[in-house]
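**Student:** have a look; sequence and predicted model below, questions after that.
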Amino acid sequence: MRADPRPLPTASFGSCLYPPVDTPSMHIDIGAALASAADPGVERATLDDLDERVAAAHERIEQGREEGEFGYASLNLPEATDAETIRDAVAPVADAESVITVGIGGSALGAKTITEALAEDPGSHVVLDNVDPEHVRRTLDGLSLADTAINVVSRSGTTAETLANFLVVREAYEDRGVDWTERIVVTTGESGPLRALADQHDLPTLPVPEGVPGRFSALSAVGLVPPAILGIDIEGLLAGGQQAADDLAPSLYDSPAYAYGAMAYALEEEGAKVNAFMPYAERLESFGEWFAQLWAESLGKDGRGQTPARALGATDQHSQLQLYRAGHRDKVVTFVRPRERADVAIPDPDHDDLSYLAGTDLGGLIDAEYEATVASLPAADRPALEVEIDRLDAESVGELLYAMEAACVLVGELADVETFTQPAVEWGKNATRALIRGETTDETAVIDERERLRIGETESL
Ligand SMILES: O=P(O)(O)OC[C@H]1O[C@](O)(CO)[C@@H](O)[C@@H]1O
């Protein structure tokens with residue numbers, strides 16, 4: 001493994017330009033988002049004032065955790081999740097070479113993030129979290145179903161996409177003569193059609209965690225069944241999450257999660273309405289997708305909330321970076337990277353123009369690109385936040401997931417929004433069901449009006 005490309009900053013927060021907020025394995029650098037470095041930026045005095053509100057928010061969060069309140073209970077998962085119960089439930093399918101997850105949103109993205117980051121073969125976990133017929137058909141055609149475990153997840157047990165995909169997957173197993181009841185684990189709530197189906201066929205089931213919205217449930221059975229089947233260290237994931245939980249403190253200067261959350265909130269207050277999430281690791285691309293749901297569905301309330309833009313380093317240096325450096329002053333870029341990289345040497349080039357690559361390796365190149373791109377934001381007077389973990393291992397991924405969840409909960413407290421509900425998604429669900437059933441509802445009336453306007457039957461508005 002390569003040595004750490006940059007020695008850890010040792011100065012205390014008060015004395016260095018780039019104030020680090022560190023734990024043994026997670027490092028948040030907020031210096032490039034201070035007003036002295038960027039616009040929008042956060043004045044140090046603003047941050048100090050905000051720290052008093054962080055202390056109050058932390059007290060509220062801790063109270064909610066202690067009382068197991070809906071939503072706040074999410075931050076108890078590292079202790080509440082029993083890894084052995086999950087391992088027992090997956091034992092009948094532990095020999096599977098692949099896992100197909102049928103779920104959507106928080107019922108799929110946690111597991112997808114963890115297996116992409118940590119599975120020996122990330123391709124061993126396929127996720128059906130959309131009802132695109134071509135994609136579903138191609139995915140099933142590409143699998144040896146006899147060697148594939150089915151992981152069906154739905155907190156409500158009623159989500160149309162998940163139930164529809166499950167019925168298609170079940171038929172595919174039947175058509176190929178594979179007993180699907182022997183290859184399945186179901187994670188769902190106490191009621192609903194999925195629970196009824198599991199009971200009818202006496203399927204191995206796991207409960208969804210009480211009081212935890214789907215997007216906060218990665219460190220529970222919802223996110224840990226495919227990792228357990230694929231031999232990933234789920235105990236390490238939970239230990240990492242617990243490390244981040246232990247690092248929550250009444251000051252943003254002492255807690256990486258709260259440092260990130262407080263800065264994201266303060267930057268939104270200063271006009272950064274977009275949070276471009278740019279991990280510098282292919283195995284963290286899905287982490288960006290997971291973060292997007294967490295941030296958007298939790299904080300997009302009451303006319304506010306940062307838009308999570310999904311990016312990937314170094315690739316998006318050749319696309320979106322133009323906008324981040326020279327577009328509207330309405331963004332903060334969140335950089336994420338593992339400090340340790342695999343060793344892949346770059347062979348000596350045989351062209352003088354490429355001599356700069358001689359003697360380096362791909363890890364050195366992506367780290368140089370990371371350092372250059374991070375610095376390029378304040379160089380263009382734009383804010384950047386850095387989240388670094390030591391390496392891509394179970395503990396660090398668990399810590400990263402938990403820290404972003406805690407940061408999100410903190411932002412919700414500071415913004416005074418309903419962090420743990422998502423009422424705005426219901427209109428589309430109701431409209432879809434009514435369209436499929438051929439019913440006339442308020443939603444379908446809107447759809448019909450759009451159709452009439454589209455074909456010119458009525459005066460345009
Ligand atoms: O786990 P369920 O109930 O199928 O819901 C899946 C996803 O749909 C949502 O409820 C939004 O419709 C998300 O919050 C959730 O993660």
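**Tutor:** Happy to help now that I have it.
**Student:** tell me the contacts of the spatially closest residue to Val212 that is not a sequence neighbour?
**Tutor:** Of all residues not flanking Val212 in the chain, Ser74 sits nearest, at 4.7 Å (C-beta to C-beta, 6 or more residues apart in numbering). Where C-beta positions appear, they are placed from N, C-alpha and C, glycine not excepted. Contact analysis of Ser74 by C-beta atoms under 8 Å, 6 or more residues apart in numbering lists 209, 211-213, 216-217, 405, 409, 420.
**Student:** dump the helix or strand hosting Ala239 to PDB, restricted to CA.
**Tutor:** Per DSSP states H and E: Ala239 is located in helix 234-246. C-alpha atoms of helix 234-246 as PDB (Å, rounded to 0.1, in the frame of the first residue of the first chain):
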ATOM      1  CA  ILE A 234     -20.400  -6.600   8.700                       C
ATOM      2  CA  GLU A 235     -19.100  -6.500  12.300                       C
ATOM      3  CA  GLY A 236     -16.300  -4.100  11.100                       C
ATOM      4  CA  LEU A 237     -18.900  -1.900   9.400                       C
ATOM      5  CA  LEU A 238     -20.900  -1.700  12.700                       C
ATOM      6  CA  ALA A 239     -17.700  -1.000  14.600                       C
ATOM      7  CA  GLY A 240     -16.800   1.800  12.300                       C
ATOM      8  CA  GLY A 241     -20.300   3.200  12.700                       C
ATOM      9  CA  GLN A 242     -19.900   3.000  16.400                       C
ATOM     10  CA  GLN A 243     -16.600   4.900  16.200                       C
ATOM     11  CA  ALA A 244     -18.400   7.700  14.500                       C
ATOM     12  CA  ALA A 245     -21.200   7.600  17.100                       C
ATOM     13  CA  ASP A 246     -18.600   7.800  19.900                       C
END
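**Student:** between the next helix or strand after it and helix 234-246, how big is the angle?
**Tutor:** Later in the chain than helix 234-246, the nearest helix or strand by DSSP H and E is helix 256-269. Counting by axes from the mean of the first three to the mean of the last three C-alpha atoms, to 10 degrees, helix 256-269 points 60 degrees away from the direction of helix 234-246.
**Student:** do you know how far Arg329 is from Leu410?
**Tutor:** 24 Å (C-beta to C-beta, to the nearest Å).
**Student:** hang on, I meant Val332
**Tutor:** 16 Å.
**Student:** if we can go back for a sec, between all of the contacts of Ser74, which two are at the greatest distance?
**Tutor:** Pro209 and Val409 (15.2 Å; C-beta to C-beta).
**Student:** if you count surrounding residues, which of the two has more?
**Tutor:** Val409 (29 against 22; other C-beta atoms under 10 Å).
**Student:** is the helix or strand where that one lies anywhere near the ligand?
**Tutor:** Per DSSP H and E: Val409 is located in helix 394-415. No: on the criterion C-beta under 6 Å from any ligand atom, helix 394-415 is out of touch with the ligand, staying 13.3 Å away.
**Student:** what mean pLDDT does that helix get?
**Tutor:** Averaging pLDDT along helix 394-415 gives 98.
**Student:** go on, stretch 30-38?
**Tutor:** 95.
**Student:** touching it from outside, list them.
**Tutor:** Taking C-beta under 8 Å, 6+ apart as the rule, stretch 30-38 contacts 16-19, 21, 41-44, 46-47, 259-260, 263, 267, 332, 374-375, 377-378, 381-386.
**Student:** got it, and stretch 168-184?
**Tutor:** 92-93, 96, 100, 102, 128, 136, 140, 145-146, 148-152, 201-204.
**Student:** out of Arg329 and Leu410, which sits in the more crowded spot?
**Tutor:** Each of Arg329 and Leu410 has its neighbours counted (other C-beta under 10 Å); Leu410 has more, 28 against 15.
**Student:** so that one is in contact with Ala257, correct?
**Tutor:** Yes: in terms of C-beta atoms under 8 Å, Leu410 counts as a neighbour of Ala257; the distance is 7.2 Å.
**Student:** from the middle of its chain, how far away would stretch 361-369 be?
**Tutor:** 25 Å (C-alpha atoms, centre = their mean, to the nearest Å).
**Student:** I should have written stretch 311-319 there, sorry.
**Tutor:** That offset, for stretch 311-319, works out to 18 Å (C-alpha atoms, centre = their mean).
**Student:** how about the helices in the stretch 301-450 of the chain?
**Tutor:** 321-326, 362-379, 394-415, 426-437, 442-454 (DSSP state H, counting those that start in this stretch).
**Student:** what's the shortest one packed up against?
**Tutor:** Other helices and strands packing on helix 321-326, by 3 or more C-beta pairs under 8 Å, 6 or more residues apart in numbering; DSSP states H and E, are strand 331-338, helix 362-379.
**Student:** state the mean pLDDT of the longest one.
**Tutor:** In this model, helix 362-379 has a mean pLDDT of 97.
**Student:** okay, strands next: where are they in the stretch 151-300 of the chain?
**Tutor:** Counting by DSSP state E, counting those that start in this stretch, the segments of the stretch 151-300 of the chain that form strands are 184-188, 205-207, 274-279.
**Student:** list the buried residues of the helix or strand hosting Arg138.
**Tutor:** Per DSSP H and E: Arg138 is located in helix 133-141. By neighbour count on 16 or more other C-beta atoms under 10 Å, the buried set for helix 133-141 is 136, 139-140.
**Student:** and the residue nearest to Val212, how far from the ligand?
**Tutor:** Per C-beta to the nearest ligand atom, to the nearest Å, Ser74 is found 12 Å from the ligand.
**Student:** which bits of the protein sit near the ligand?
**Tutor:** Checking the chain against the ligand by C-beta under 6 Å from any ligand atom, the hits are 104-107, 154-156, 159, 162, 213-215, 297, 422, 425.
**Student:** look up how far Ala196 lies from the most centrally placed residue in the chain.
**Tutor:** The C-alpha lying nearest the average C-alpha coordinate of the chain belongs to Trp290 (C-alpha atoms, centre = their mean; 2.2 Å). When distance is defined by C-beta to C-beta, Trp290 is 29 Å away from Ala196.
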